[in-house]
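A.B. asks: Predicted coordinates and the sequence they were generated for:
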Amino acid sequence: MPKHQPFQKSYIYTALWLAILGGFSLGAHIAMPMGFGWNLPPFYQIWVQTHGHMQLLGWTGLFIMGVSLYFMPRFVKVPLPYQFLTKWILILITTGLIIKTGALFTIPYLAAGTTASFFTYLVYAGGGMEWAGTLLYLFLIGTLFKRKPRNYVGLQSVQPFFAIMAAGFFFYSTLHLIQYFMFDATSRMPWSSLTIDIFIMLVLFPVAFAFSVRTFPLFIQIPPFRVSFYWFGVIYGTSAVIYLTGAVNHIPPAVEITAKIVISGIILILIYHLKLFPKMVLSPRRFMIRYYGEKYLNDRIDSGAFTKARPGYYDFGQYGRFELLIFSAYIWLAIYAVLEIFRNVFHLTGSSALFGHDPVRHIFLLGFITLLIFGMAQRMLPGFMKKKGLWSQKLVIWTFILGNLAVLGRVLPILLPQPWFAGIPEIHQWLMYGFGISGLFAIAALALLLVNLWKTFRG
């Protein structure tokens, strides 16, 4: 019988380096001129599109792939098939990202001719490598789920979310590749925005929620779920498809907007069922009595577990205050869902919202996804590597502080309406300075996470 594959930490290292040197650095280079009133980088559209793609496929995509290729075989109790393909997935996607990015930034400086055509073909080749790597990943996951035990009840509740994730990876990678054959840099902007929405709705939220459902009862000591999330996943996926279809095909605007409101409403319902907000505000004792019962609490006290472990958790503090990152991530997700409801209700009534799509999107990507990765990485990955704790618990607090400063700096200046600062323009100016350095806060948080994981893995 084949054995389970060890954790492939190379995925995590690659995702972190691509985020630090690629996605977040590009984002910082865009934000700083905007915040300080300098000239934007030349060929701004390429910077924006490459920043978004690096963040999605290079940072979050590779991180999700690396964790899922280890976690999901153990989850469905079947060793990963064709384990040799995991290294080719990483090679293809990473090489494709580097080749395509380099070519995209070179082409605008070349006159039309043989050299420019060569670099255009490099863009096609790099995009094709990314696409092939993503298909290999989906092939492995699909084969794995085909081999799972029949009627495996542990998967039923979250199965729609994993199915949505697989579809999202396919459509994102395919449409992202097609756009380079169809459009130039300027014409790609709307298409690029569509692919980002596909990745957010069909990949990032489904996989984040599915992993939260399977891990939070153990990591954050919330009670096991008494509801099935199956139909929530079905309704969420259907609504997401309706909303995204409206971007490429004409459907009544009211239907498209209603679908987005339904998506945000489901997100809020799912957050409620995670019981994270009561966990934040109630004392460990009151939380356990409310959701576990007083008998369970007394049994834990009698066994000594309540006094030995960190109050309200199963660990002893060896992972630092990782839960602060998870709590703040879900607070930002709730803010995202509420703002999206308000924004779409305004559109449904024919009014104009006070804020645009960009700050709300960054609340999701930077506030929810990135902070959730920060928290889960420092709680899950040491165990994957058979380590008993993190190298430094203090660095967890600093990733929490720097990560949230990055979100606040990036979002507040473009979320709050400028008329609010009509009489005090200095406040808006300082907020824009915060916008300018927000990328540096994010890079610093990533660097601390990289150091902490590297030291932990080596220890």
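C.D. replies: That came through, no problem. What you are looking at is a predicted structure, and each value in this text was computed from that prediction instead of being measured.

A.B. asks: Thr186 and Gln45 touch, don't they?
C.D. replies: Yes. Using CB atoms under 8 Å, Thr186 is in contact with Gln45, at 5.7 Å. No exception for glycine: its C-beta is placed from N, CA and C like everyone else's.

A.B. asks: More neighbours: which of these two?
C.D. replies: Gln45 (15 against 11; other CB atoms under 10 Å).

A.B. asks: Find the nearest non-adjacent residue to that one, please.
C.D. replies: Excluding its sequence neighbours, the residue lying closest to Gln45 (CB to CB, 6 or more residues apart in numbering) is Ala185, at 4.6 Å.

A.B. asks: Can you tell me the SS state at the one you found?
C.D. replies: On the three-state scheme (DSSP: H, G, I helix; E, B strand; the rest coil), Ala185 is labelled coil.

A.B. asks: That one: what's it in contact with?
C.D. replies: 43, 45-46, 49, 104, 108 (CB atoms under 8 Å, 6 or more residues apart in numbering).

A.B. asks: Show me how to select, in PyMOL, the buried members of those.
C.D. replies: To isolate the buried subset of the contacts of Ala185 in PyMOL, counting by 16 or more other CB atoms under 10 Å, use the following:
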select buried, resi 46+49+104
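
A.B. asks: Pick out the most distant pair among the contacts of Ala185.
C.D. replies: Across the contacts of Ala185, no pair lies farther apart than Gln49 and Pro108, at 12.4 Å, counting by CB to CB.

A.B. asks: need the helix or strand of this structure with the lowest average pLDDT.
C.D. replies: Between all helices and strands in the chain, the lowest mean by mean pLDDT, DSSP states H and E belongs to helix 305-308, at a mean of 62.

A.B. asks: Which element is encountered next along the chain beyond it?
C.D. replies: Next helix or strand after helix 305-308 toward the C-terminus (DSSP states H and E): helix 322-348.

A.B. asks: mean confidence score for the helix or strand just after that following helix?
C.D. replies: Going down the chain from helix 322-348, the next helix or strand is helix 357-362, by DSSP H and E. Averaged across helix 357-362, the pLDDT comes to 91.

A.B. asks: how far out from the middle of the chain is helix 357-362?
C.D. replies: 14 Å (CA atoms, centre = their mean, to the nearest Å).

A.B. asks: what sits up against it?
C.D. replies: Under CB under 8 Å, 6+ apart, the answer for helix 357-362 is 193, 196, 200, 336, 339-340, 343, 407, 410-411, 414-415.

A.B. asks: Moving C-terminal from the helix or strand containing Leu381, which element do we reach first?
C.D. replies: Per DSSP H and E, Leu381 falls inside helix 371-384. Going down the chain from helix 371-384, the next helix or strand is helix 394-415, by DSSP H and E.

A.B. asks: can you dump the C-alpha coordinates of that next one into PDB?
C.D. replies: Only the C-alpha atoms of helix 394-415 are listed here, as PDB (Å, rounded to 0.1, in the frame of the first residue of the first chain):
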ATOM      1  CA  LYS A 394       6.300  36.800  19.900                       C
ATOM      2  CA  LEU A 395       6.500  37.000  16.100                       C
ATOM      3  CA  VAL A 396       2.900  35.800  15.900                       C
ATOM      4  CA  ILE A 397       1.800  39.000  17.700                       C
ATOM      5  CA  TRP A 398       3.900  41.100  15.300                       C
ATOM      6  CA  THR A 399       2.400  39.500  12.200                       C
ATOM      7  CA  PHE A 400      -1.000  40.200  13.700                       C
ATOM      8  CA  ILE A 401      -0.100  43.900  14.300                       C
ATOM      9  CA  LEU A 402       1.600  44.500  11.000                       C
ATOM     10  CA  GLY A 403      -1.000  42.500   9.000                       C
ATOM     11  CA  ASN A 404      -3.900  44.500  10.400                       C
ATOM     12  CA  LEU A 405      -2.000  47.800   9.900                       C
ATOM     13  CA  ALA A 406      -1.500  46.900   6.300                       C
ATOM     14  CA  VAL A 407      -5.300  46.300   5.900                       C
ATOM     15  CA  LEU A 408      -6.300  49.500   7.600                       C
ATOM     16  CA  GLY A 409      -3.700  51.500   5.600                       C
ATOM     17  CA  ARG A 410      -4.800  50.000   2.300                       C
ATOM     18  CA  VAL A 411      -8.500  50.200   2.800                       C
ATOM     19  CA  LEU A 412      -9.500  53.200   4.900                       C
ATOM     20  CA  PRO A 413      -8.400  56.000   2.600                       C
ATOM     21  CA  ILE A 414     -10.400  54.700  -0.400                       C
ATOM     22  CA  LEU A 415     -13.300  53.300   1.700                       C
END
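
A.B. asks: List the contacts of Ile257.
C.D. replies: 344, 347-348.

A.B. asks: ok, so of those residues, who is nearest Val227?
C.D. replies: Closest to Val227, out of all of those and judged by CB to CB, is Asn344, at 26.0 Å.
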